[in-house]
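**Q** please work out how this folds:
(chains A and B)
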Amino acid sequence: MKKPSLRRNNSGQVLIVTSLLVALLLLSTIVFVMETEKDVPTIKTEETDPFINYQQTEKNTLISALANITKGGNSSILASDLETLNTAITSDSYLSMLQINYEPLNATPYQNGIWISWNDSQGITSAAVSFALNSSGLYSTSNIQYTTNVTSEISQNGNNTRIEDSLRQVNLTINLQNENGPALAQNFTFSFENTNSSWVKVDSPNITDFDNGTYTVTFNIETAQTHNPIYVQTLCQDQRGIITGANTTCGDVPP
Amino acid sequence: MNLLKDRRGVARIIEAFLASILIISCLYLVPISTISKDSTVSLASKAQNALLSLDNNGHLATLIDEQNWTALKDCVASTLPLTSWFNLTVFDKDMNCINPFPISNAGLVSDKIVSVNYVCASQSSTYKIYTLRLQLSGVGLS
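**A** Next comes the predicted model:
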């Protein structure tokens, strides 16, 4: 029987080891390339909506303008604030060329984007502006048009009850809405018309908050007025700082 | 003649190559890193959403108006995952930094940082506009 040659067998072992070493070399090269690729800085485009950031800011701008105007400011503040906003947004836009066109609404009842109507039993303070935004980036172009509206509205009704000769109790029910949804008030100011047609501020009204935009108010007034009704003026400041007013004729009801 | 007759070595080489291919295939199937390719975009969305949610009712600008930097830091921290790192810088309309100290949490936890700018307007009757720059990074965020 022929004895097997160890030398011939060993050449096969060397080839196996060599091939494994080559495989390991290839593997380590692949891992190295993959790890290196991860550290290369790459420019990635923002896939988020380029306009979503600005809608809340535009709404805040309208709220600020209304708060200013209803505290006695000039209505031209809206255009001024919008221009400031436009400058800030366009100078902040690094990834794309952003263009903002805005137009305060001039359709009735709005005038230069503002509508303030404080009438009997209802008061509306509103601002509306149309925006057209255009974004041109390296990879995409998009545009959007919409109208932003901010409205604070109160509606109220009331009556009065004679307690004594000159003492009367006034009862009011007030409903506050922001953009047609129930809203909470920050504070109220009430005044009533005296016999000499001057307005007298009510000192300590009793206000009940129902947490759904509805308030009931009770206060006593001293008046020499013998005839009915009593005229009450309400100024309501919502939690955004916008003031809305309404006058109410409170008729006499039996005690 | 001997080389032609002895096939054992060739078979083992082929076997070794097949084994190495199998190993490489397995390594490809195992994810090397949990950070996906679009993780930076996701981080940017997280940063943007955090600022948007804080500005929902003008709260963000109110805190800046009041210069309540501690509350601002707490608010931003509450909207982001615990494993994240952030650094918020507030600029006025002329791009001057107005926060007197860094609004940040802990130390940097990753070398991947995204930066998002957000223009924020005040609701108060005195109109002010701010630019917020939120830098965000995080472990395991995607």
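
**Q** what strand or helix carries A:T189?
**A** Using DSSP states H and E, A:T189 maps to strand A:185-193.

**Q** quick one: average pLDDT of that strand?
**A** Taken as a whole, strand A:185-193 has an average pLDDT of 94.

**Q** okay, now the sheet partners of that strand, with direction.
**A** In the sheet containing strand A:185-193, its partner strands are strand A:199-201 (antiparallel), strand A:230-238 (antiparallel), by DSSP bridges.

**Q** so A:Q169 touches A:F192, yeah?
**A** No - in this structure, A:Q169 is not within contact of A:F192 by C-beta atoms under 8 Å, at 11.8 Å. The way it works is simple: take the backbone N, C-alpha and C, and place the C-beta from them, glycine included.

**Q** C-alpha coordinates for stretch B:14-28, CSV please?
**A** Below are the C-alpha coordinates for stretch B:14-28, written out as CSV (Å, rounded to 0.1, in the frame of the first residue of the first chain):
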residue,chain,number,x,y,z
ILE,B,14,-14.3,26.4,-3.7
GLU,B,15,-15.7,25.4,-0.3
ALA,B,16,-13.8,28.2,1.4
PHE,B,17,-15.0,30.8,-1.1
LEU,B,18,-18.6,29.6,-0.6
ALA,B,19,-18.2,29.9,3.1
SER,B,20,-16.7,33.4,2.9
ILE,B,21,-19.6,34.5,0.6
LEU,B,22,-22.0,33.1,3.1
ILE,B,23,-20.3,35.1,5.9
ILE,B,24,-20.4,38.3,3.8
SER,B,25,-24.0,37.8,3.0
CYS,B,26,-24.8,37.4,6.7
LEU,B,27,-23.0,40.5,7.5
TYR,B,28,-25.0,42.5,4.9
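
**Q** next, give phi and psi for A:T70.
**A** The phi/psi pair for A:T70 (degrees, to the nearest 10) reads phi -70, psi -10.

**Q** how about A:V129?
**A** Taking degrees, to the nearest 10 as the convention, A:V129 sits at phi -140, psi 140.

**Q** next structured bit after the longest strand along chain A?
**A** For chain A, the strand reaching the highest residue count under DSSP state E is reported as strand A:141-162. Sequence order places strand A:167-178 as the next helix or strand after strand A:141-162, per DSSP H and E.

**Q** now for that following strand, which elements pack on it?
**A** Judged by 3 or more C-beta pairs under 8 Å, 6 or more residues apart in numbering or on different chains; DSSP states H and E, strand A:167-178 is in contact with strand A:141-162, strand A:185-193, strand A:214-222, strand A:230-238, strand A:243-253.

**Q** wait, a strand at B:Y130?
**A** Yes - assigned with DSSP: H, G, I helix; E, B strand; the rest coil, B:Y130 falls within a strand.

**Q** number of nearby residues for the residue lying closest to it once chain neighbours are set aside?
**A** Leaving aside its chain neighbours, B:Y130 sits nearest to B:C120 (4.8 Å; criterion: C-beta to C-beta, 6 or more residues apart in numbering or on different chains). For B:C120, the neighbour count with other C-beta atoms under 10 Å in any protein chain shown is 22.

**Q** can you classify B:C120 by secondary structure?
**A** strand.

**Q** repeat that for A:S80.
**A** A:S80 ends up helix, using three-state DSSP.
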